[in-house]
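Q: Predicted model follows, preceded by the sequence.
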Amino acid sequence: MKEFLHQNGFTYENRDMKKDDSLRDIIEAKYGTRKAPVVEVDNEVVIGGGQWTEENWKQLKELLQLQVQ
C-alpha cells in the first residue's frame, strides 16, 4: 500500500494498529471492523478487513481518481 501510494504521488499517514491498540477501537466505532487494512480518503473509506482484494484495489483507485484496470 505504501509503495502504491508513493509511486502514484500521494501523501499519506500510516497509523499502525499493532503499535497503538486504541486505533482498533476507533476503527471499530467508525467502520465496524477491528482488522486492517482500512484506507480513508477524504470522507470515504475502503475496508480490507484482514485482506486486501482486487475489489478493494478497484475501490481505492476510483476514490483516488486513477484509471481502473
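A: Thanks, I have the structure now. Source: prediction; values computed, not measured.
Q: got the residue ranges for the helices in this protein?
A: Secondary structure of the chain, counting by DSSP state H: helices at 2-7, 22-31, 54-63.
Q: and among the ones you listed, the most buried is which?
A: Per-stretch averages of neighbours, counted by mean count of other Cβ atoms under 10 Å, single out helix 54-63 among the helices of the chain, with a mean of 15. Every C-beta, even on glycine, is put in place using the N, C-alpha and C of the backbone.
Q: what about it, average pLDDT?
A: Averaging pLDDT along helix 54-63 gives 94.
Q: which other residues reach it?
A: 37, 39, 41-42, 44, 46-48, 67-68 (Cβ atoms under 8 Å, 6 or more residues apart in numbering).
Q: if we can go back for a sec, please produce a markdown table containing the helices of the chain, extended by distance to residue 13.
A: As requested, the helices of the chain are exported to a markdown table (distance: least, Cβ to Cβ, whole Å):
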| stretch | distance to residue 13 |
| --- | --- |
| helix 2-7 | 10 |
| helix 22-31 | 12 |
| helix 54-63 | 16 |
